[in-house]
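Peer 1: generate a structure from the sequence data that follows.
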Amino acid sequence: MPQPNDLSRCLAPLDQNSTLIVVIERSQSSWLVAGIVPGVERHPMKKMEPDETALLRLLRRWQDEAIKAGRVIARTTVAYEAGRDGFWLARCLRAHDIEAHVIHPTSVAVSREHRRAKTDRLDTELLKRAFLGWLRGERDHCSMAAIPTLEEEDTRRPTRERESLIGERTRIVNRIKGTLARRGFRGSKPTLRKAPEQIETLRTPEGAPLPPNTLAELSREMARLRFVADQIREIEATRMERLKQRPEEGSHPMVRLLARVIGVGIEPADMLVHEVLSRNLRDRRAVARYAGLTGAPDESGSRRREKGLARAGTARVRRGMIQLAWRFLVHQRDSALAEWYRVRTADARSGTRKTMIVALARKLLIALWHLVTTGETPKGLLLHSA
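Peer 2: Next comes the predicted model:
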C-alpha cells in the first residue's frame, strides 16, 4: 500500500538545465537571495529589503538571464528555513505559480568546528547544498515542513490563544498569592467570585488593613484576572457553538469523536486534532516523532545509553499527551493500555513510572490516531454515547 510522502525527499525528477533554484536567508531587516541559474556560470546573489514584490522581480530577471543564455526555464523552485515569519512567503510564491518549500532548520547539516565561521553568505551555501540534495531525491538529505493553508493556520489559533491565556491566568494568580503571602495571608483563592470583596476586608496579623498601594495593586490584578477569565470563557463558548452548528465541517467530526473518549474532553481533543491528528503523517513512527515522544539513543562502540526524549517535535502536543496519559489511567482503568502500564510498573520506583508514562503517552497518541483515521477502537476503551 503506498504511503504519503514525508517530505524528506523530492519525488519529482530534477532537470537542472531547465530549473531555476533559489534559496533565501531571511532576517528581520534583510533577505539574502542566492540562485543557481541554468546557463549562467556564476551563482548570483542579491541582498534586498524584505519585500515579496522585489523578490518576484528578481526571480523574473534571473529567468530572463537563463533565456538569454539559451535555456528554457520550466521550473522555478525557492526554499528558505522555517522561522518567525511562518509560511506566508511560501503561500505568496505558490500563488504566483512558483514552487516554494520551507526547510526544517535542524535538518541542515553544519560544521561541528568549535569556532566555525557563520555569515549569511555561508548560510546560503549550506542551504543550496541541502536543497539540491533534496531536489535530486536523496532521502533524508534535509526535511521540508508541510505548508499549511491560511484556513488551517486559523483553525489552530483558538487552542493556542487559550493556552496562552491559561498561562497568563496562572501568572496573575501566583502574583496575587505572593503579594498576600508577604503580608501574612496563606491559603488565599483569588479565582473565587467574591475574592475582590474579600481582599478589601482583610487584616494583617497585626490587625491593620492592607496598605493603600498594595490594595490598589491587588485590585488591578483582580481586574486583569477577570478580563482573562472572560476571554477564556468566550473562546470556549465560541468553539462549542461552532461544533454544534457545523458538526460535519472540516475536522469537527474528528474532534467530536475524540471528545467521546472518556477522560479526554473537548479541549485536549481540539488540540490533538488541529496540531497533529489532522496532518497527513506517514505512519505511527511519524506520529510519535511529530509529538516529540521518541527517544534519543547515544551509541558509540561499546557505549549504550539513552539521553531521554528527543524533543524534536511539538512541545504543545508532548505536554498535552503526558498530562492526558496520567488522566487516562484514572478514567480508563480497564483498557488494555492501562493494564500494560500497570504490569510494567507493578514493582517499579517512581522514576520508572515517570519513564513509562511517556511510553504510555506515545502508545495512546498512536491509538487515538488509528481511531480517527481508520475507526479502529483500542481494546477496552470506553466511549460516551454519540
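Peer 1: Glu299: what secondary structure?
Peer 2: strand (DSSP: H, G, I helix; E, B strand; the rest coil).
Peer 1: would you map out the domains in the chain?
Peer 2: 16-147, 153-245, 253-374 (automatic domain parsing).
Peer 1: what mean pLDDT does the longest one get?
Peer 2: To tie it back to what came earlier, the one meant is domain 16-147. Averaged over domain 16-147, pLDDT sits at 92.
Peer 1: how far off centre is it?
Peer 2: On the basis of Cα atoms, centre = their mean, to the nearest Å, domain 16-147 sits 24 Å off its chain's mean C-alpha point.
Peer 1: for the shortest one, same thing?
Peer 2: With Cα atoms, centre = their mean as the basis, the distance from the averaged C-alpha position of domain 153-245 to the chain average is 27 Å.
Peer 1: list the contacts of Ile73.
Peer 2: By Cβ atoms under 8 Å, 6 or more residues apart in numbering, the contact set of Ile73 is Ser18, Thr19, Leu20, Pro38, Gln63, Ala66, Ile67. (Each C-beta comes from the backbone N, C-alpha and C, glycine too.)
Peer 1: tell me, what residue is most central in this structure?
Peer 2: Thr314 (4.2 Å; Cα atoms, centre = their mean).
Peer 1: what strand or helix carries the residue lying closest to Ala291 once chain neighbours are set aside?
Peer 2: Distances taken as Cβ to Cβ, 6 or more residues apart in numbering put Val317 closest to Ala291, at 4.3 Å, once the chain neighbours are dropped. In the assignment (DSSP states H and E), Val317 maps to helix 315-331.
Peer 1: now swap in Lys354 and tell me
Peer 2: With DSSP H and E as criterion, Lys354 is part of helix 350-374.
Peer 1: and Met1, what's its pLDDT?
Peer 2: So, for Met1, pLDDT stands at 37.
Peer 1: so which elements touch the helix holding Lys354?
Peer 2: If contacts are counted by 3 or more Cβ pairs under 8 Å, 6 or more residues apart in numbering; DSSP states H and E, helix 350-374 sits against helix 252-259, helix 284-290, helix 315-331, helix 336-344.
Peer 1: would you put the C-alpha positions of the first one in PDB?
Peer 2: Listed in PDB are the C-alpha atoms of helix 252-259, where the atom choice follows Å, rounded to 0.1, in the frame of the first residue of the first chain:
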ATOM      1  CA  HIS A 252     -15.100  18.800  13.500                       C
ATOM      2  CA  PRO A 253     -16.000  15.100  13.200                       C
ATOM      3  CA  MET A 254     -12.500  14.100  14.500                       C
ATOM      4  CA  VAL A 255     -12.900  16.500  17.500                       C
ATOM      5  CA  ARG A 256     -16.400  15.100  18.300                       C
ATOM      6  CA  LEU A 257     -15.100  11.500  18.100                       C
ATOM      7  CA  LEU A 258     -12.200  12.100  20.400                       C
ATOM      8  CA  ALA A 259     -14.300  14.000  22.800                       C
END
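Peer 1: what's next to the helix or strand just after that helix, contact-wise?
Peer 2: Beyond helix 252-259 in the direction of the C-terminus, DSSP H and E gives the next helix or strand as helix 266-272. Applying Cβ under 8 Å, 6+ apart, the contact partners of helix 266-272 are 158-159, 162-163, 236, 239-240, 243, 254-256, 258-259, 261, 316-317, 320-321, 323-324, 365, 368.
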